[in-house]
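Participant: Sharing a model prediction with you, sequence too.
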Protein chains: 2
Amino acid sequence: MEKRYVLTPWEVKGKIDYKKLIEEFGVKEIDDELLTKIKKIAGNLHILLKRRFFYAHRDLDIVIDEYEKGKKFFLYTGVAPSRSTMHMGHIIPFILTKWLQESFGANTYIMVPDDEKYWAKKGDLKSIREFAIKNIKHVIALGFDPDKTFIFLNTEYIKHLYEIALPIARYINLSIAKATFGFSGETSVGLIFYPALQIAPTFFEENRCLIPCGIDQDPYFRLQRDIAEKFGKNKAAEILSKFLWGLQGPDSKMSASKPETAIFLDDDPEIAKKKVMDAFTGGRATIKEQREKGGNPDICCVYQLYYILFEEDEKKLKERYTMCKLGNLICGDCKKELAERVARFLKDHQRKLKEAEKKIDKFMYDGKLAQEMWNKRFKIV
Amino acid sequence: MEKRYVLTPWEVKGKIDYKKLIEEFGVKEIDDELLTKIKKIAGNLHILLKRRFFYAHRDLDIVIDEYEKGKKFFLYTGVAPSRSTMHMGHIIPFILTKWLQESFGANTYIMVPDDEKYWAKKGDLKSIREFAIKNIKHVIALGFDPDKTFIFLNTEYIKHLYEIALPIARYINLSIAKATFGFSGETSVGLIFYPALQIAPTFFEENRCLIPCGIDQDPYFRLQRDIAEKFGKNKAAEILSKFLWGLQGPDSKMSASKPETAIFLDDDPEIAKKKVMDAFTGGRATIKEQREKGGNPDICCVYQLYYILFEEDEKKLKERYTMCKLGNLICGDCKKELAERVARFLKDHQRKLKEAEKKIDKFMYDGKLAQEMWNKRFKIV
């Protein structure tokens, strides 16, 4: 049977079969037992875990077992500087990462690959770096610990990264790179080298690395795990998410070039409200019909947002689901409430964003972890 | 007709047809007119030019014309850190480079690509860097101007190099890289990226770059010339040499793993003498036969060394040639004299080598040009 979706680190297309991806990628589902353990240690369970938006993993069980025995891990994720401001989909891995940092006291490393974006021909260097700083501010605004978080622009931190990338690149030959990433003759030699850089931070500490990211990024870290084994180092663990739908329907994409498809972090809250009010729902053509037949929350973009981020309360969520199904909850009312929550989130975020500006140096250069990283000398092999 | 030689940046094999290479590579021969111009400006002509060991070029005529009109150029060459000490073949480009620096007051940049050697699996990083420092000392001992010469280890200077390599790598796609360098599936992604780094120093200054190197390195700079054009920058000029024979016969190779094939810069002068005495010559089986039929300097390794480096005097060289042909000069005597000259050269070089040790920091970090280069911020596109 042909797949109806495409999933690579650069392209996500079609209706994704998440169950099937688990088999295809050879990752594990995050099961109840693992969630119970995490809850026991953390005291609570983040909504993105509870609702299985992060639903698959590699070695997360090992990370948690080791943590229980007193062994620390560190977090690593990244944000590619994009022309548009970040949207809700972009910050999801960061929201979970921040929660993991808080709950487990983990050092956190955030890569900003200006080199990759440039080689992927997503703009000139100057603008990519401007986008990068904007994105970094959004990440900071999420509340990371400035002394336990190091955010770095690849081209600035390259001397350190390069030292680690040297043995990684020696291990990755062209055949492996092509098989893993499907490079073509058109691919720039920079992009072909880049996986060695993306893998490098997984060796920043002797502790095990845990990577919260979209499941599309798994190929990089599958490769890391082969390499780590050869080097006698820890294989990176991963905690892998699904993709947030766009506002246009289930499995639609949030697209930077189509503002109506996504809520951007710097959207005026009033505009964001309007976007929510215009979103695709599982509702019927008329209110009358909806009252009679009920709506379908399973294909509703509004319900998805409640489910993943905006309704923490299990009971209230269930209630909303049932009320919709029974035709007792009308889309207009349901959207209005979400619109309010989204607007509140944005107002709060945008307020924090102003403070984030002043903290950039701490995260990038002179916070405790940042200083350590600038003074560090790496020697991997 | 099949070629009887292989010539790539990594492999030189067989009897090379230097005339044919000029056509194949599309370079120009260095002609009398150009040499006359150079002599006029420099006051004299270096033996390596006079004897056409450097025999081909790209845009050297433009460089000289521009120089006459008051426009400066800069020199760029490199030394790959090799397990063995450098041999005579290795230092030939440096000998000419040093002369060009002196004669034209040109800034000189010398790359030491520890990354490339490591990716080419020529040792571990630690030893490659130890070799690198040894090689750098030999280069310094040749007498470069410490305020006009910057020697850099790629992994140390990477932040600067990378900034220039970014646009270069964006331009080189996998197809171009494969067509130019013939990479295979086994090639490390590091080596595939490396050409962008080797090209980078050609953009160190706005002035035109002149590269003295073996003709095998031309593919890198042919690529540079395509790129420079797209960027609206100066195409690099090249001055290209033949290859020095090994001591085992015409077109034999100097090989690090076979000490008898080459004179190494740290050979004990007495051992070097013995190597010369054991070298392949154009002599006959017996002295009697030689007296009768004469020798053949054209295939003689000893004569080649006189020709290229150890007999500057045109008249004396001709005399030696004729005497040999006539059977009046016996190999033993001819070798003995060369052995003395080689030993003298080595003693002198090894004395300078001790002083070179103390100058390393000047060339790499705090000489005038080095300081400028560490403080420089590049912006190519």
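Facilitator: The structure has been received and is ready for your questions. All values derive from a computational prediction rather than experimental measurement.

Participant: counting contacts, what elements does the longest helix belonging to chain A pack onto?
Facilitator: With secondary structure taken from DSSP state H, chain A has its longest helix at helix A:331-361. Other elements packing on helix A:331-361 under the criterion 3 or more Cβ pairs under 8 Å, 6 or more residues apart in numbering or on different chains; DSSP states H and E are helix A:125-141, helix A:269-277, helix A:301-305. Every C-beta, even on glycine, is put in place using the N, C-alpha and C of the backbone.

Participant: who in the stretch 1-150 of chain A is up against chain B?
Facilitator: Within the stretch 1-150 of chain A, the positions adjacent to chain B are A:115, A:118, A:119, A:121, A:124, A:125 by Cβ under 8 Å from any Cβ of the partner chain.

Participant: For ChimeraX, what selects the buried ones among the residues you listed?
Facilitator: Selection of buried members from those for ChimeraX, criterion 16 or more other Cβ atoms under 10 Å in any protein chain shown:
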select /A:115,118,119,125
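
Participant: Can you point out the buried residues in the one helix or strand residue A:48 maps to?
Facilitator: Assigned by DSSP states H and E, residue A:48 falls within helix A:47-50. Neighbour counts over helix A:47-50 (16+ other Cβ under 10 Å) mark A:47, A:48, A:49 as buried.

Participant: between the residues you listed, which is nearest chain B?
Facilitator: Within the buried residues of helix A:47-50, the smallest distance to chain B is 33.7 Å, found for residue A:48 (Cβ to the nearest Cβ).

Participant: Identify the residues contacting the closest residue to the closest one other than its chain neighbours.
Facilitator: Closest residue to residue A:48 in three dimensions, ignoring its sequence neighbours and counting by Cβ to Cβ, 6 or more residues apart in numbering or on different chains: residue A:96, at 4.9 Å. With contact taken as Cβ atoms under 8 Å, 6 or more residues apart in numbering or on different chains, residue A:96 is in contact with A:46, A:48, A:49, A:54, A:212, A:239, A:241.

Participant: neighbours of the fourth one, just the number please.
Facilitator: When neighbours are counted by other Cβ atoms under 10 Å in any protein chain shown, residue A:54 registers 24.

Participant: residues touching it, list them.
Facilitator: Contacts of residue A:54 (Cβ under 8 Å, 6+ apart): A:30, A:48, A:96, A:212, A:239, A:240, A:241.

Participant: Break down chain A into its strands, ranges please.
Facilitator: A:5-8, A:11-14, A:28-29, A:54-58, A:73-78, A:108-112, A:149-153, A:208-214, A:237-241 (DSSP state E).

Participant: Take those and lay them out in JSON lines including mean pLDDT.
Facilitator: As requested, the strands of chain A are exported to JSON lines (pLDDT from 0 to 100):
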{"stretch": "strand A:5-8", "mean pLDDT": "69"}
{"stretch": "strand A:11-14", "mean pLDDT": "70"}
{"stretch": "strand A:28-29", "mean pLDDT": "97"}
{"stretch": "strand A:54-58", "mean pLDDT": "98"}
{"stretch": "strand A:73-78", "mean pLDDT": "97"}
{"stretch": "strand A:108-112", "mean pLDDT": "98"}
{"stretch": "strand A:149-153", "mean pLDDT": "98"}
{"stretch": "strand A:208-214", "mean pLDDT": "96"}
{"stretch": "strand A:237-241", "mean pLDDT": "97"}
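
Participant: would a markdown table of those strands with distance to residue A:139 be doable?
Facilitator: Output for those, formatted as a markdown table (distance: least, Cβ to Cβ, whole Å):
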| stretch | distance to residue A:139 |
| --- | --- |
| strand A:5-8 | 24 |
| strand A:11-14 | 21 |
| strand A:28-29 | 28 |
| strand A:54-58 | 18 |
| strand A:73-78 | 9 |
| strand A:108-112 | 6 |
| strand A:149-153 | 7 |
| strand A:208-214 | 13 |
| strand A:237-241 | 16 |
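
Participant: Out of these, which gets nearest to residue B:180?
Facilitator: Residue B:180 lies closest to strand A:5-8 among the strands of chain A, at 27.4 Å (Cβ to Cβ).

Participant: quick one on the thing from earlier: with respect to residue A:325, which of the buried residues of helix A:47-50 is nearest?
Facilitator: Nearest to residue A:325 among these is residue A:47, at 21.7 Å by Cβ to Cβ.

Participant: Which pLDDT does the model give the nearest residue to that closest one once chain neighbours are set aside?
Facilitator: Among residues not flanking residue A:47 along the chain, residue A:312 sits closest, at 5.3 Å (Cβ to Cβ, 6+ apart). Looking at residue A:312, its pLDDT is 96.

Participant: Quick check: residue A:312 touching residue A:48?
Facilitator: No - using Cβ atoms under 8 Å, residue A:312 makes no contact with residue A:48, being 10.6 Å away.

Participant: Can you tell me the closest non-neighbouring residue to residue A:367?
Facilitator: Leaving aside its sequence neighbours, residue A:367 sits nearest to residue A:146 (Cβ to Cβ, 6+ apart; 4.4 Å).

Participant: what's near enough to touch that neighbour?
Facilitator: Listed by Cβ under 8 Å, 6+ apart, the contact set of residue A:146 reads A:140, A:359, A:362, A:363, A:367, A:368.

Participant: Show me the beta-bridge partners of the closest residue to the fourth one other than its chain neighbours.
Facilitator: So the one you mean is residue A:363. Residue nearest to residue A:363 in three dimensions, not counting chain neighbours: residue A:151, with 4.5 Å by Cβ to Cβ, 6+ apart. Here residue A:151 sits in beta bridges with residue A:110, going by DSSP bridges.

Participant: My guess is residue A:151 contacts residue A:365. True?
Facilitator: No - between residue A:151 and residue A:365 there is no contact under Cβ under 8 Å: 9.6 Å.

Participant: Comparing these two, which residue is more hemmed in?
Facilitator: Higher neighbour count among residue A:151 and residue A:365: residue A:151, with 27 against 15, using other Cβ under 10 Å.

Participant: Kindly provide the distance from that one to chain B.
Facilitator: Plainly put, residue A:151 is 18 Å away from chain B if you go by Cβ to the nearest Cβ, to the nearest Å.

Participant: Neighbours of the residue in the stretch 201-350 of chain A positioned nearest to chain B, how many?
Facilitator: Residue of the stretch 201-350 of chain A nearest chain B, by Cβ to the nearest Cβ: residue A:223 (10.7 Å). For residue A:223, the neighbour count with other Cβ under 10 Å is 23.

Participant: And the pLDDT at residue A:15?
Facilitator: 81.

Participant: tally of neighbours for it?
Facilitator: Neighbours of residue A:15 under the rule other Cβ under 10 Å: 10.

Participant: Please report the distance of it from residue A:253.
Facilitator: From residue A:15 across to residue A:253, the span is 11 Å (Cβ to Cβ, to the nearest Å).

Participant: same deal with residue A:297?
Facilitator: Distance, residue A:297 to residue A:253, using Cβ to Cβ: 21 Å.
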